[in-house]
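*Asks:* Sharing a model that was predicted from the sequence below.
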Amino acid sequence: MIIPCPFCGPRDLSEFAYCGDADNLAARPDPAASDQSSWNAFVYDRTNPAGDHAEIWQHAGGCRRHLRIVRNTVTHAISDVTMPGAKA
Amino acid sequence: MAEPFVSTPVITDAAESPLAGHYEQGEFGNLDRGARVTLTERFALAICDVCAWPGSETKAANAIKRASGASVTKTKDAIAEDAQAFQHAPGRWSVVAQNPALPEALAKAVGENGTVVDLSHGRTVLRIDGRQSRRALSKLFPIDFRSDAFPLEKGLATRHHEIFAQIQRVGEDAFDIIVFRSYARAFWHALRKASEEVGYAVA
Amino acid sequence: MAEYSALSIVKNALTGNRDWKPAWRKPEPKPAYDVIIIGGGGHGLSTAYYLASEFGIRNVAVLEKGWVGSGNIGRNTTIVRSNYLLPGNTPFYEHSMKLWENLSHELNYNVMFSQRGIINLFHTPAQEDDHARRGNAMILQGVDARFVRPPELKRRVPALNLSGSSRFPVLGGLEQPRAGTARHDAVAWGYARGADRRGVDIIENCEVTGFVREGDQVTGVETSRGRIHARKVAAAVAGSTSRVMALAGINRLPIESHVLQAFVTESVKPCLDTVVTYGGGHLYISQSDKGSLVFGGDIDGYNSYAQRGNLPIVEDVMSEVLELFPAFAKLRLLRSWGGIMDMSMDGSPIIAKGPLPGLYLNAGWCYGGFKATPASGWCFAHTIARDEPHEFNAPFTLDRFHRGYVIDEKGQGATPWKH
Amino acid sequence: MTSHRCAEGGTAIDRTDTVGFTVDGRQYFGLAGDTLASALLANGVRVMGRSFKYHRPRGLMAFGVDEPNALFTVTTDGVREPNVRATEIEIFDGLAVESQNRWPSLDNDLMAINQLGGKALAAGFYYKTFMGPVIGPLKGTRFWMMCEHVIRRAAGLGRPGTAPDKSRYERINAFCDVLVIGGGLAGLKQAHEAAETGRHVIVCELEPRWGGAADGKKESEIRQIVESLESRPNVTLLTRTTVWGWYDGNMLAATERVSDHLKTAPEGAPRQRHWVIRAEHVALATGALERPIVFPGNDRPGVMLADAGRRYTETFGVLPGQHLAVFANNDSAYATAAALRHAGANVRAIVDVRPEIGAAAQRLADRAGGALKLGHAVVGTSGAKGLKSISVARYNHETRSFSGGAEEIETDCLLVSGGWSPVVHLASQAGANPVWDDALQAFLPPKPDAHWSVHGAAAGDLDFDHDLSPAPAPVFEIGHPGKAFVDFQHDVTADDVRLAHREGFRSVEHLKRYTTLGMATDQGKTSNVPGLAIMADALGKPIPDVGTTRFRPPYTAASLGSIAAERYGDLFPHRLTPMHDWHGDHGARMYAAGHWERPESYNRPGETVEQAYVREAKTVRSGAGLVDVSTLGKIDIQGPDAADFLNRVYTNGFAKLPVNKARYGLMLREDGFAMDDGTTWRLAENRFLITTTTANAGKVMSHLELCLDVHWPDMRVHVTSVTDQWAGAAIAGPKSRDVLAACVTGTDVGNDALPFMGIVHGAVSGVPVMICRLSFSGELAYEVYCGAHHGTHVWEALMAAGEPFAIAPYGLEALGTLRIEKGHVTAAEIDGRTTARDLHLDWMLSSKKPFVGSAMMNREGLTDQSRWTLVGVVSRSGEKLHGGSHVVAGDRDGPGPGLGHLTAMAFSPEINAYVGLALVEDGGNRIGQHLYATDPVRSGTHIPIEIVSQHMVDPKGERMHG
Ligand SMILES: Cc1cc2nc3c(=O)[nH]c(=O)nc-3n(C[C@H](O)[C@H](O)[C@H](O)COP(=O)(O)OP(=O)(O)OC[C@H]3O[C@@H](n4cnc5c(N)ncnc54)[C@H](O)[C@@H]3O)c2cc1C
Ligand SMILES: NC(=O)c1ccc[n+]([C@@H]2O[C@H](COP(=O)([O-])OP(=O)(O)OC[C@H]3O[C@@H](n4cnc5c(N)ncnc54)[C@H](O)[C@@H]3O)[C@@H](O)[C@H]2O)c1
Ligand SMILES: Cc1cc2nc3c(=O)[nH]c(=O)nc-3n(C[C@H](O)[C@H](O)[C@H](O)COP(=O)(O)O)c2cc1C
Ligand SMILES: [Zn+2]
């Protein structure tokens, strides 16, 4: 697999570390206010779709930034890559 | 005075290269067509990581230019006579210079626009030069070394054997490879082995 | 249907093998069953078998979307062991081991369970302690375990690199002598035949596409071959768990699907008589009766339903094989493939009633469910028949994650790709 | 033995250069350029292998990678490489090969007795037997395992060795605009076209030569294209390079056989090179493979694929036989017949199942001479170890009926052509199914997209010369009584396929697994299509409804060595601390800790490890010791939000930590379990240095980066790994302050200037250092950090300053002893399953702020009273404790259930006993209990222990605060 890092350009899979479901990570509950069930869901429950899946990968052997990648879990085709937190 | 941890200049008398005892000069490998690459350790340089706050990237690039002489911009890497700089992550540059005062100069120049970390002791710079340098490097890194993809002055971050490394193209056929100090000796052996096919000189 | 035996083989050979019958029937689905099992993999088939043989429930259908054994049961590295660390796991896997030991007889099908032992190598004093800890846990729970030291390793695994020149020199290994390998396809076929002989309908090319519900209660399934009703519906679809449960409106589960690759070399004469695992990385290797080295390593490490992997893992795994066996460098990789693992959040399985009334779930096997096949089916059948778990599968609940009773052999937390 | 070499011809051979080689020790001669196959053929050798199951004698069937029979073991420098196809071994002087799967010799193989098993050994018989008795000594798995022992020895092909392979392998990465796979005419033309546009092209051809299957007349055209390609800087040409895997994103794997064909490899060159190629576009020009027809007796040596016969003649000047017959269902074999006649062979007959043929074929038949038997089929063969004659009968392929008697035709070589199968393997590896073409009776590649294209024969473009038609008659099997083989290597017969059908194994995938059809070293290159055609026939379904089995990498088997490349052997990814050489020079035994190498203990002559660490630990408790802590993970954290950030990731508070002070911190995972611990040093208002355990450095760094990138992108914090920047030496012991006082300049190190957890900056021997007073050992202790290049300099200065105080270096073992005595935790206790409370670190859980893990750490499973918590243990018998022992209540005979386990142990010089740390069920309430530490799996010890507080030495911390 080759992942097009928005900063580094297309790079080998071997440079990247998987960090899990992006939509789930984005839904980290408010630590102070939140109820237990949303925390439970955040930590343990996944949608795990067959098809397009938004996920976070760290370009650990590159710019070390975390990327939000939309990748098809059936074909492995990548349709979108963005860099969360990157200011335009 | 600069913050104490900003700078620990390399004091040559007290310093020891990680390749000490493993840096044998001469020519090696398949010398049928001579030594077609030259390997060098560039020891005791000042090496810094500069990281701009979002929105201050241009200012940080200018600061690097002022402090080191390497005229980087927000998008372009640079090599100057005795300094070189490249962006290896968004808003994040590696700056390498002969000048031991580089960390402090950078800290001053960058100011509130970002942060500076001195890595002079933490990194080892190895240079490979020669017509066959791309071939040797291709054995070590999954990186496209063709000129369109990797023009002169460009630098990038990658890894070798799961261990972080940076590469900058510093000449037509020359590349600087920056590796962790702790990994330098193992990498040096790998680099030499990769160069045997084309014959190499250790300068 | 005829018993299999040496005699029946000779008799049939004399008639040109013309009288053999299908190993299992190819029935049309009936409109309704007492129990429908979704998934004709090892666990689905063994569940059906034990429902019929142990719990007297014979009006059962196994629905398989492709052909029997097309899933992970047909693509694993065939290692059977019960060398677990944590108390929640050991009784279950040991129960499985006991069922394995008599399985060929029980099924009248040679599943070729070969108790050639598994040796988990260790390479540092800290790892040695970890292995001792696991071995001691096994012995205290009545499971066989012993330490093997380099002189014995040299004798038993002559190709192993014991020179001390490797990155992580071998200090020794923890052996479970009763562990071993089994012929994976035969396990699926044997259970299929066994279940079929007890009246279970095994229906291939029948994909479940939806659930029939009355309120919350699940009362049947929609399939590519029409609607089928059932009093109870049990899912044992391994890597497809999330997809199938989503059809029942369960959209989030403590499971991710990941691809695991496996590899075989060309056949060669015997050169590895036991199963060996590497402690300096992640590798398990044995030699099939046919002569191929069969091995695997880590999962590829990202969600996937593709049944095929990527190159970096191939390279990693080969380098680990050679780290242990530098003599195998000239052996050749014949084939590589992938399977979809249902990786759970703690690396341990789920065999439970629910999550809806009338629905039962068997999942979360990660890359270790082949060895569990007998006990998984047995416990799942128990849970379906009695509507409560057996004590062996009592820890494998679905709510253990939220409650914090995780069974985390690797101590990795909720990062399924690291289990 | 007569030579079968023609008087002239042979594009690959050098007739002036004779090469000697041995097979099973017997000397043969061939010509430079020969393959083992062509050389043996020229020597008149017919039996070149034995089949897997029945050990039937087998001859050469194919020309290239599709060869199923002629497999040999090549031995180089004592290292064996089994199962190499004779068609791929290029001979050189001194080559030594061995035949396989036979005993005592290839010609006389006693194992051929298996054939007597006949129908009893049909597909899958072993599932039905060998189960053994249900009771008695052979119950369970015993009987099977006895049988298995014998079966395993009979199975397998070549014998591997145990000597480590010393060959060199390497990996190389490549990038190109167009990768052309296959250097036949189609591939070469494609490469040329792409190269003309200036694109960077790589061409891979698995054979040693360019040109593929093109016949001799195309020689000059091929040479011209190759020369033109060679002259271009934008083209890379690779022969002996097999592209075997096509992975996501047009990433391809190939193996270049760099020096297999040479007597000795050039300096610096590997045996094989693993290419990883990323291509913008892949042009597939892999050609087509001819397939055989299944008929009784089809496996007799001398039965060969027709085009192989032509290629042996044209390429190597070797005739596959003197008196040939051809058996075909299509036109292509007619050209072969004519070509062989031209080369001097006598063509006895052309047998074709088709009742009539076109004019072009007819012309070639006339040229070939011999009887043209249209509407006929070969129904049998004879000859002991090589073909002597064939039986031919009149055959109607539409009704599949035979008529008339069989006619015997004497022939020593039958060339068979059952049509062509385009090589669709690579294109289908990603899972796209090939598409059946009724006219060509073949599977064609799936539909290409912008990233790849397919050309020439691989695309079904079988534009044979002479206006021949590419369409064969749909005949795969001649259904006449007799053993007719489908998969030659695995001895799968047409009857086996039908048996599988009868027993319900009807899916092609079931067929494959039940009969092992297509699972041999050739992966069914010649057998898959005939096999599935026979199954389709049994099912009464068209072939496309039956489909093919799945194609998988590698296309042809690739050596494990090449794929691992340089990543095993002597190139370890070691990480070494700055003082590494010093440790080695001073007797340290090194310990592999992940990538790092660390000193375990500094053994003096005659000392055991235990004696060394006990001495070292005593030195620390009584005087001063020095330990290398450079491997600790170190992370620089800067920015206006740094303190707030640390507050969020650590369980305890950092906002109020004064500058030049350090604090011990604990991190949890999101699920509430403990993740890592370390100290955090505040260097400036907005700047911290945190340390992590060696093992978790990368994990913590990534965790912090994830938090900043994904969870809190607005925080102004930068994190940078500085692990390598700083050499760290921890000096510990009551004399440690005196040692520092003796060598540190520029700062006071007294209790007031440098209190517990204080930080100062100074110099040692002219080199700047930063010193933090903290203690892992429980003694008065300091960590001295300096620039890594100065590490040895400072270390030596500290040792020199310590000499009057009898300072000694200490290693991990002593460090472990000290921390155990003190009850400090490490990765053995923070093992991913423990909570802060389990480790008595709940005092660090701030209740004033949320932090990572705070929302999850109070769930019932994490606070359950029965959880295992940290305690100390002391051996009551004086016996040595063992890490990994379990804690039990009962004696040896009735230990009872495990109550926990020892995470660490050491001999404590302070307590003068073996002590340990343990995680024990409800540990807090067991202090003072007398239990046992049992280690049945290893030492067999069962040692009485007392459970004590984990703080075994100086529980109040007076020493380190002193
Ligand atoms: C490469 C690899 C190596 C492994 N190695 C080992 C090992 O050495 N030891 C070990 O113990 N375990 C191992 N495992 C794990 C083990 O194979 C699995 O855990 C186990 O087989 C899973 O259970 P199963 O057999 O029921 O799954 P499967 O065989 O996958 O069965 C699930 C079935 O459900 C069917 N299905 C899915 N969706 C539907 C639907 N909608 N309708 C109808 N049917 C459906 C699928 O087609 C499939 O046949 C390995 C797995 C892999 C992939
Ligand atoms: N009987 C005949 O006369 C006959 C038979 C077949 C083809 N042909 C002729 O050959 C021409 C076909 O040319 P073509 O170029 O399509 O096919 P080709 O068979 O000539 O060339 C394909 C080449 O690809 C190579 N190859 C296959 N897989 C490979 C891999 N994975 N990696 C590297 N190399 C690989 C093969 O070794 C072969 O050399 C047609 O014009 C046809 O007329 C003639
Ligand atoms: C234990 C085991 C041994 C195998 N041995 C062989 C073998 O000798 N030859 C072969 O071609 N494939 C072998 N395979 C691989 C199968 O051909 C097949 O690739 C695998 O079962 C996955 O199926 P798939 O490739 O059709 O998806 C083996 C598989 C397993 C699980
Ligand atoms: Zn990047």
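*Replies:* Received, thanks. Ligands and ions are numbered 1, 2, ... in the order given.

*Asks:* Secondary structure element holding the residue nearest the centre of chain B?
*Replies:* Nearest to the mean C-alpha position of chain B, by C-alpha atoms, centre = their mean, lies B:Ile178 at 4.1 Å. Element membership for B:Ile178 (DSSP states H and E) is strand B:174-180.

*Asks:* How is residue 61 assigned, secondary-structure-wise?
*Replies:* Assuming you mean chain A. coil (DSSP: H, G, I helix; E, B strand; the rest coil).

*Asks:* mind listing what it touches?
*Replies:* Contacts for A:Gly61 were tallied using C-beta atoms under 8 Å, 6 or more residues apart in numbering or on different chains; they are A:11, A:14-16, B:157-159, B:162, B:164. Backbone N, C-alpha and C define where each C-beta goes, glycine included.

*Asks:* Just give me the neighbour total for D:Thr608.
*Replies:* Using other C-beta atoms under 10 Å in any protein chain shown, D:Thr608 has 10 neighbouring residues.

*Asks:* Bridged to the residue nearest to the centre of chain B, which residues?
*Replies:* B:Val125, B:Gln166 (DSSP bridges).

*Asks:* wait, isn't it in contact with B:Phe86?
*Replies:* No: under the criterion of C-beta atoms under 8 Å, B:Ile178 makes no contact with B:Phe86, lying 9.8 Å away.

*Asks:* shared neighbours, those two?
*Replies:* By C-beta under 8 Å, 6+ apart, the residues touching both B:Ile178 and B:Phe86 are B:94, B:166, B:168.

*Asks:* how close does D:Leu511 sit to D:Val492?
*Replies:* 9 Å (C-beta to C-beta, to the nearest Å).

*Asks:* out of these two, which sits in the busier spot?
*Replies:* D:Val492 (29 against 26).

*Asks:* can you pull the pLDDT of that one?
*Replies:* D:Val492 is assigned a pLDDT of 97 by the prediction.

*Asks:* who touches it in this structure?
*Replies:* Applying C-beta under 8 Å, 6+ apart, the residues near D:Val492 are D:123, D:485-486, D:515-517, D:527, D:531.

*Asks:* can you check D:Ala279 too?
*Replies:* Contacts of D:Ala279 (C-beta under 8 Å, 6+ apart): D:175-179, D:202, D:250, D:252.

*Asks:* circling back to that earlier point, so for D:Leu511 and D:Val492, which residues contact both of them?
*Replies:* D:517, D:531.

*Asks:* Just give the number of residues close to residue 85.
*Replies:* The chain I'm using is chain A. 18.

*Asks:* Switch to chain C, please.
*Replies:* 22.

*Asks:* if I read this right, it contacts C:Arg133, doesn't it?
*Replies:* Yes: the criterion here is C-beta under 8 Å, and C:Leu85 meets it with C:Arg133 at 6.9 Å.

*Asks:* So in terms of bridging, what pairs with the residue nearest to B:Ile11 when sequence neighbours are not counted?
*Replies:* Nearest non-adjacent residue to B:Ile11, counting by C-beta to C-beta, 6 or more residues apart in numbering or on different chains: D:Val767, 6.0 Å away. Beta-bridge partners recorded for D:Val767 (DSSP bridges): D:Val764.

*Asks:* Quick check: D:Val767 vs D:Gly746, distance?
*Replies:* Counting by C-beta to C-beta - D:Val767 and D:Gly746 are separated by 11 Å.

*Asks:* Looking at chain B, what residue ends up closest to ligand 4?
*Replies:* Chain B approaches ligand 4 most closely through B:Ala89 (6.9 Å), counting by C-beta to the ion.

*Asks:* ok, that residue touching A:Arg64?
*Replies:* Yes: under the criterion of C-beta under 8 Å, B:Ala89 makes contact with A:Arg64 at 5.9 Å.

*Asks:* Could you report the neighbour count for residue 24?
*Replies:* With no chain named, the answer covers chain A. 19.

*Asks:* if you could check chain C rather than the one you did, that'd help
*Replies:* 24.

*Asks:* For it, give me its contacts.
*Replies:* So C:Trp24 contacts C:68, C:192-193, C:195-196, C:202, D:504 (C-beta under 8 Å, 6+ apart).

*Asks:* That one is in what secondary structure piece?
*Replies:* Here C:Trp24, judged by DSSP H and E, is contained in no helix and no strand.

*Asks:* tell me the pLDDT at it?
*Replies:* Reading off the model, C:Trp24 has pLDDT 98.

*Asks:* Chain A versus that one, what's the distance?
*Replies:* From C:Trp24 across to chain A, the span is 29 Å (C-beta to the nearest C-beta, to the nearest Å).

*Asks:* what's the answer for D:Met675, then?
*Replies:* 13 Å.

*Asks:* and that residue, which of the three is it?
*Replies:* strand.

*Asks:* likewise D:Gly802?
*Replies:* helix.

*Asks:* on that earlier part again, tell me which of the contacts of A:Gly61 is nearest to ligand 2?
*Replies:* In terms of C-beta to the nearest ligand atom, no member of those lies closer to ligand 2 than A:Ser14, at 23.1 Å.
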